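>>> Okay, sequence plus prediction incoming.
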Amino acid sequence: MCYPNNTIPRSQKLRLQQPTKAVNQLCARHTGAYQRLIVNHVDSRRVGKNIDIFFYHHKNSANGKRLANHIHQTFTKKYAEHQPNRIYSGTVTSTSGLYLVRNTYPPMVYIELGNIRNSKDPKRIINYDN
């Protein structure tokens, strides 16, 4: 289901437009309030490829960039603390090429969490302790 109570459509274009519309309506309803959008995405295109966690923000959003950098710094710190033998190579990148980044109103960060087609990533993503 998509907020507030809509069935998610089959069309990829409509699946992108529907949550964008919902976010923008909520943003307009709460104008003046502190608002941020965090989108978590799991890739499915790179078969068998390990990828780290990457952060994207709109190229014209200073608040989105600040949010992405803050979350990235937290991930970097936590990797060093909890996985000292693993190198973390995630990055923060500005873009306007991703539909949600380009079309949502509040400052946002789009987080690429991993690759669903890599056998390790789904386990890593759903593990509460990770």
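Yep, it's here.

>>> and the residue lying farthest from the centre of the chain, which of the three is it?
Among the C-alpha atoms of the chain, the one farthest from their average position, using CA atoms, centre = their mean, is that of N85, at 25.5 Å. N85 carries the three-state label coil when classified by DSSP: H, G, I helix; E, B strand; the rest coil.

>>> what about it, distance to Q25?
For N85, the distance to Q25 (CB to CB, to the nearest Å) stands at 46 Å. The way it works is simple: take the backbone N, C-alpha and C, and place the C-beta from them, glycine included.

>>> And R124, by the same measure?
Taken as CB to CB, the span from R124 to Q25 is 34 Å.

>>> and the nearest residue to I38 once chain neighbours are set aside, which of the three is it?
Nearest residue to I38, sequence neighbours excluded (CB to CB, 6 or more residues apart in numbering): V109, at 5.6 Å. The local conformation at V109, judged by three-state DSSP, is strand.

>>> Report the buried residues of whatever helix or strand K78 lives in.
K78 belongs to helix 62-82 when assigned by DSSP states H and E. Across helix 62-82, burial judged by 16 or more other CB atoms under 10 Å covers 63-65, 67-68, 71-72, 75, 79.

>>> Also stretch 102-116?
104, 106-115.

>>> any idea how far it is from the chain center?
When distances are taken as CA atoms, centre = their mean, to the nearest Å, stretch 102-116 is centred 3 Å away from the chain's centroid.

>>> what do you get for stretch 94-103?
Using CA atoms, centre = their mean, the offset of stretch 94-103 from its chain centre is 11 Å.
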